[in-house]
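Peer 1: Here is my input; please provide its structure:
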Amino acid sequence: MRGKQALTTGEVAKYCGVNFRTVIRWIERGHLEAYKLPGRGDNRIPLPGFISFLQSNQMPVPDELREHGKTLLIMAEPEDLAAELASTARRAGWDPMVAADPMQFGYALAEQQPSAVVVSGEDMVQAFNRLRRDAESPEILCILASADTPVGVSTDGWCRIQWPTEQKRFSGLLDMSESPAQRPA
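Peer 2: Here you go, the predicted structure:
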């Protein structure tokens, strides 16, 4: 599916688990961006618009539609913190996945191969470092976000941000606007 720029109403309906007429109603009501083909007037939904629609409605983005390098794995406590991090990531154009426990986190890490992870505690940092050491994983952006975290980049490569005071920096890290060399130590 990569390389495809637009979807039919039938394809969107299949991804959302609804009838294609529901998709047409979404388009008519302005909930879903679309354009009409000349001639027959069939609707086409641009892929970026559809992904934004899914994300803004808290719907999962199918694997085949995910942009490479935009998956973020989150394991944070309390649950409210995980939800805030996921919401901020979504606004930055990422597809966040929230793991409820270390087992689910390890499974999602192996299966989804995210390009970034966010955790909320030093114990989770140590556990992730062990997982990363045991697996051959590509370069991954690692962020520790909590209220009592000292700011900067540590020698183990983790970006440490204070949450919620550094939300903009978190978004900047996700936008990759800060290269590792630019991240404050």
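
Peer 1: Tell me, how many residues neighbour G121?
Peer 2: 16 (other CB atoms under 10 Å). Every C-beta, even on glycine, is put in place using the N, C-alpha and C of the backbone.

Peer 1: Hmm, P102 and it touching each other?
Peer 2: No - G121 lies out of contact with P102 (CB atoms under 8 Å); the separation is 11.1 Å.

Peer 1: Mind checking what secondary structure C142 has?
Peer 2: strand (DSSP: H, G, I helix; E, B strand; the rest coil).

Peer 1: how about low-confidence regions in the protein?
Peer 2: Counting by pLDDT under 70, the ranges of the chain that qualify are 1-3, 66-69, 134-138, 152-155, 176-185.

Peer 1: how about the strands of this structure, start to end?
Peer 2: Secondary structure of the chain by DSSP state E: the strands cover 6-8, 35-36, 43-46, 71-75, 95-98, 116-119, 141-146, 152-153, 159-162.

Peer 1: Now do the spatially most central residue of the chain against L174, distance only.
Peer 2: Closest to where the C-alpha atoms of the chain average out (CA atoms, centre = their mean) is D95, at 2.1 Å. Distance, D95 to L174, by CB to CB, to the nearest Å: 11 Å.

Peer 1: so what sits against both of these two?
Peer 2: Between them, D95 and L174 share these contacting residues under CB atoms under 8 Å, 6 or more residues apart in numbering: L72, A89.

Peer 1: The residue nearest to the centre of the chain touches L72, doesn't it?
Peer 2: Yes - here D95 lies in contact with L72, judged by CB under 8 Å, at a distance of 7.0 Å.

Peer 1: picking up where we left off before, so of the strands of the chain, which one's packed in deepest?
Peer 2: Burial of those is given as mean neighbour count (mean count of other CB atoms under 10 Å); strand 116-119 ranks first at a mean of 26.

Peer 1: now what about it, what contacts it?
Peer 2: Contacts of strand 116-119 (CB under 8 Å, 6+ apart): 71-76, 85, 89, 94, 109, 125, 128, 140-145, 174.
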